[in-house]
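Chemist: just to be clear, the model below is a prediction. Sequence and coordinates:
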Amino acid sequence: MPLYARTLLVTGPQDEVRSATGRHREQLEKLHSQGKVRVAGEFADGSGFLEIFEAADRVEAEQIARDSPLIEDGLGTWMIREWQEAKLD
């Protein structure tokens, strides 16, 4: 199954972002329990998130990207790119 990287940058007021961040993390936990999320984390400066997840195709990947409460509430912007894991020795 293809892998995708989502970069989510927060753009809204910090008090609203804090409220939606908990719901964003709940969404990631749900995706993780479904076996979709490989890795997820928040940028150290609090400006957003980066996640690597599986999706059947770009259509599903975009749906996953749009489902974040941060995006639904208009508090951030996102970008996804298909990602290939490096095969290291």
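Modeler: It's in. Numbers count the residues shown, from 1 in each chain.
Chemist: and the longest helix belonging to the chain, what other elements does it pack with?
Modeler: Scanning the chain for the helix with the most residues, using DSSP state H, yields helix 14-33. Contacts defined by 3 or more CB pairs under 8 Å, 6 or more residues apart in numbering; DSSP states H and E place helix 14-33 against strand 37-42, strand 48-54, helix 69-72. Quick note: C-beta positions are derived from backbone N, CA and C, even for glycine.
Chemist: how far away is residue 51 from residue 89?
Modeler: Residue 51 sits 27 Å away from residue 89, going by CB to CB, to the nearest Å.
Chemist: comparing these two, which residue is more hemmed in?
Modeler: Neighbour totals were compared for residue 51 and residue 89, and residue 51 leads with 26 against 2 (other CB atoms under 10 Å).
Chemist: the nearest residue to the more buried one once chain neighbours are set aside: what's it in contact with?
Modeler: For residue 51, the nearest residue in space outside its immediate sequence neighbours is residue 40; the separation is 4.1 Å by CB to CB, 6 or more residues apart in numbering. Contacts for residue 40 (CB atoms under 8 Å, 6 or more residues apart in numbering) come out as 28, 32, 49-53.
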